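>>> generate a structure from the sequence data that follows.
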Amino acid sequence: MHRARHRLQSDVVLETTVLVNRMMMKRPLLLLLLLQLVLENQALRHSNSYYYQDLSPDGKGNEEIYFSGVRLHVESPQTMVSAVQGGNVTLPCVYRYEPEVSSPRRTRVKWLWQPNTGETKELHVMVAFGSRHRSYGDFQGRVRLRRSAPGDASLVIDQLQNDDTGRYRCEIIDGLEDESITVELQFRGVVFPYYSPVGRYQFNFQEAKEACEQQAACLATFEQLYEAWDEEKLDWCNAGWLADGTAQYPVSVPRDACGGTEMAPGVRSYGMRDKSIDRFDVFCFTSSIRGEVYFLQHKLRLNFSEAVEECAQDGAQIAKVGQLYAAWRFAGLDQCDAGWVADGSVRYPITKPRANCGPLEPGVRSFGFLPHHLKFGVYCHKVRW
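Numbers count the residues shown, from 1 in each chain. Sure thing, here's the model as predicted:
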């Protein structure tokens with residue numbers, strides 16, 4: 001094909017030369033105009049065009065397509081998208097040609113993901129070409145392209161999981177040309193401090209990660225902790241692990257026990273720590289709304305074992321700490337009754353502070369880890385979808 005195009009260009013030059021000889025003496029002005037048009041046409045074809053190989057529909061061959069002056073553009077109206085765990089989300093990505101092409105092109109759409117866990121390598125999420133598509137890893141069966149209109153390559157993710165947050169890159173490939181945009185996915189949720197039932201500063205990094213996961217949460221990022229301090233005035237005077245391997249703690253009201261009264265409010269940091277040796281509490285983040293948390297109405301108070309059994313009898317499970325926080329934040333759960341939760345602690349959620357229900361600020365109150373023979377109510381969790 002390239003040789004055929006070069007022969008065509010040579011023929012044009014040869015025919016032009018013959019025409020020049022015939023018109024040299026008769027019409028010099030017309031000759032100059034014709035020569036200028038030929039040269040401009042050749043310059044345009046080389047300076048503002050691209051070629052690509054396009055597979056034929058029957059798959060038996062290919063043809064070389066030539067677009068003169070057409071450019072591929074990839075855009076997103078949002079570079080940051082927020083969602084909640086267990087829900088669905090659409091990451092917008094649209095592409096277009098400028099100027100518009102007369103017929104749709106067969107483009108390849110590729111979505112890649114860089115998680116928030118510090119992973120530097122991009123991982124494949126989905127690749128689509130025409131009606132064919134393939135998803136990868138934990139995204140299999142949960143992702144699809146929206147395709148609500150020509151050029152719509154937006155990614156729809158169902159049943160969002162704890163570790164789905166991060167940077168997603170939409171890459172559109174049309175032959176030799178490709179363009180991409182990046183959309184960041186973050187969860188709306190709540191940060192809560194957590195410590196071991198055996199006491200403070202007991203977790204190394206891996207144990208902290210597992211502790212959050214056991215309570216339907218994940219390690220909080222610095223950005224999530226900072227937002228909790230800045231917008232919600234989170235104040236906690238014990239350092240906890242974060243997802244990046246640092247140990248930090250938020251102080252809204254400076255005091256002697258938290259670094260002194262002379263230090264300004266803020267998120268204070270111990271910096272990067274040894275993940276195997278150093279031990280702290282942990283800051284967890286939850287965004288889960290998959291189900292309902294409720295205080296079990298029961299005529300008797302229950303010890304911990306009875307509480308677990310009564311939730312099961314009601315077709316539920318005893319609620320995890322992260323589920324209780326999520327219900328307080330997203331469902332407005334407000335119950336001035338102390339109840340057992342899954343880790344063996346006793347807590348209760350308050351959205352409307354009032355007398356005899358703890359401090360004047362909303363929050364999830366905790367009595368800590370009490371002996372399991374004591375009797376309280378219980379918070380249960382039922383999966384609704």
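
>>> can you list the weak-confidence ranges in the stretch 201-350 of the chain?
Counting by pLDDT under 70, the stretch 201-350 of the chain shows no low-confidence range.

>>> quick one, helices of it?
Along the stretch 201-350 of the chain, counting by DSSP state H, counting those that start in this stretch, helices occupy 205-214, 222-232, 304-313, 321-330.

>>> ranking those by burial, who's on top?
helix 321-330 (a mean of 25; mean count of other C-beta atoms under 10 Å). In short, each C-beta sits where N, CA and C put it, glycine included.

>>> contacts for the longest strand seen in the chain?
Counting residues, the longest strand found in the chain (DSSP state E) is strand 177-187. Strand 177-187 is contacted by residues 50, 52, 72-76, 78-85, 89, 91-93, 95, 157, 160, 164-172, 223, 285, 287 when judged by C-beta atoms under 8 Å, 6 or more residues apart in numbering.

>>> and the next helix or strand past that strand?
Counting by DSSP states H and E, the element after strand 177-187 in chain order, helix or strand, is strand 190-194.

>>> who touches that next one?
211-212, 215, 217, 220, 224-225, 227-228, 234, 236, 238, 240, 281-287, 321-322, 325-326, 328-329, 364.

>>> residue 265 and residue 255 touch, don't they?
No. Taking contacts as C-beta atoms under 8 Å, residue 265 lies outside contact range of residue 255: 10.5 Å.

>>> more crowded one of these two?
residue 265 (15 against 12; other C-beta atoms under 10 Å).

>>> and that one, what is it in contact with?
229, 251-254.

>>> of these - the most surrounded one?
residue 229 (22 neighbours).

>>> is that residue in contact with residue 267, as I believe?
Yes. Between residue 229 and residue 267 there is a contact under C-beta under 8 Å: 5.4 Å.

>>> hey, what's in contact with both of the two?
Joint contacts of residue 229 and residue 267 (C-beta under 8 Å, 6+ apart) are 250-251.

>>> then stretch 212-225 to PDB, C-alphas only?
Extracted in PDB, the C-alpha atoms of stretch 212-225 (Å, rounded to 0.1, in the frame of the first residue of the first chain):
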ATOM      1  CA  CYS A 212     -10.000  -3.300  59.900                       C
ATOM      2  CA  GLU A 213     -11.000  -6.000  57.400                       C
ATOM      3  CA  GLN A 214     -12.500  -8.100  60.200                       C
ATOM      4  CA  GLN A 215     -14.700  -5.200  61.100                       C
ATOM      5  CA  ALA A 216     -16.000  -4.500  57.500                       C
ATOM      6  CA  ALA A 217     -13.500  -1.700  56.900                       C
ATOM      7  CA  CYS A 218     -10.100  -1.100  55.400                       C
ATOM      8  CA  LEU A 219      -7.000   0.900  56.400                       C
ATOM      9  CA  ALA A 220      -7.700   4.700  56.100                       C
ATOM     10  CA  THR A 221      -5.600   6.800  53.900                       C
ATOM     11  CA  PHE A 222      -4.000  10.000  55.000                       C
ATOM     12  CA  GLU A 223      -6.400  12.000  52.800                       C
ATOM     13  CA  GLN A 224      -9.400  10.300  54.500                       C
ATOM     14  CA  LEU A 225      -8.000  10.900  58.000                       C
END
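
>>> returning to that earlier point: could I get the helices of the stretch 201-350 of the chain in JSON lines, plus columns for distance to residue 127?
Putting the helices of the stretch 201-350 of the chain into JSON lines (distance: least, C-beta to C-beta, whole Å) gives the following:
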{"stretch": "helix 205-214", "distance to residue 127": "30"}
{"stretch": "helix 222-232", "distance to residue 127": "30"}
{"stretch": "helix 304-313", "distance to residue 127": "44"}
{"stretch": "helix 321-330", "distance to residue 127": "34"}
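
>>> what's the closest of these to residue 122?
In terms of C-beta to C-beta, the element of the helices of the stretch 201-350 of the chain nearest to residue 122 is helix 222-232, at 20.3 Å.

>>> orientation of that closest one relative to strand 177-187 in degrees?
50 degrees (axes from the mean of the first three to the mean of the last three C-alpha atoms, to 10 degrees).

>>> how much distance is there from helix 222-232 to the middle of the chain?
Here helix 222-232 is found 18 Å from its chain centre; the criterion is C-alpha atoms, centre = their mean, to the nearest Å.

>>> what do you get for stretch 238-245?
Using C-alpha atoms, centre = their mean, the offset of stretch 238-245 from its chain centre is 21 Å.

>>> identify each buried residue in stretch 368-380, please.
The neighbour-count check on stretch 368-380 (16 or more other C-beta atoms under 10 Å) flags 376-380 as buried.

>>> can you check stretch 270-277 too?
residue 273.

>>> my guess is residue 107 meets residue 172, correct?
Yes. The criterion here is C-beta under 8 Å, and residue 107 meets it with residue 172 at 5.6 Å.

>>> the two: which is more packed in?
Set residue 107 next to residue 172 and count neighbours by other C-beta under 10 Å: residue 172 wins out with 23 against 19.

>>> so what's that one up against?
Taking C-beta under 8 Å, 6+ apart as the test, what residue 172 contacts is 72, 74, 93, 95, 107-110, 153, 178-180.
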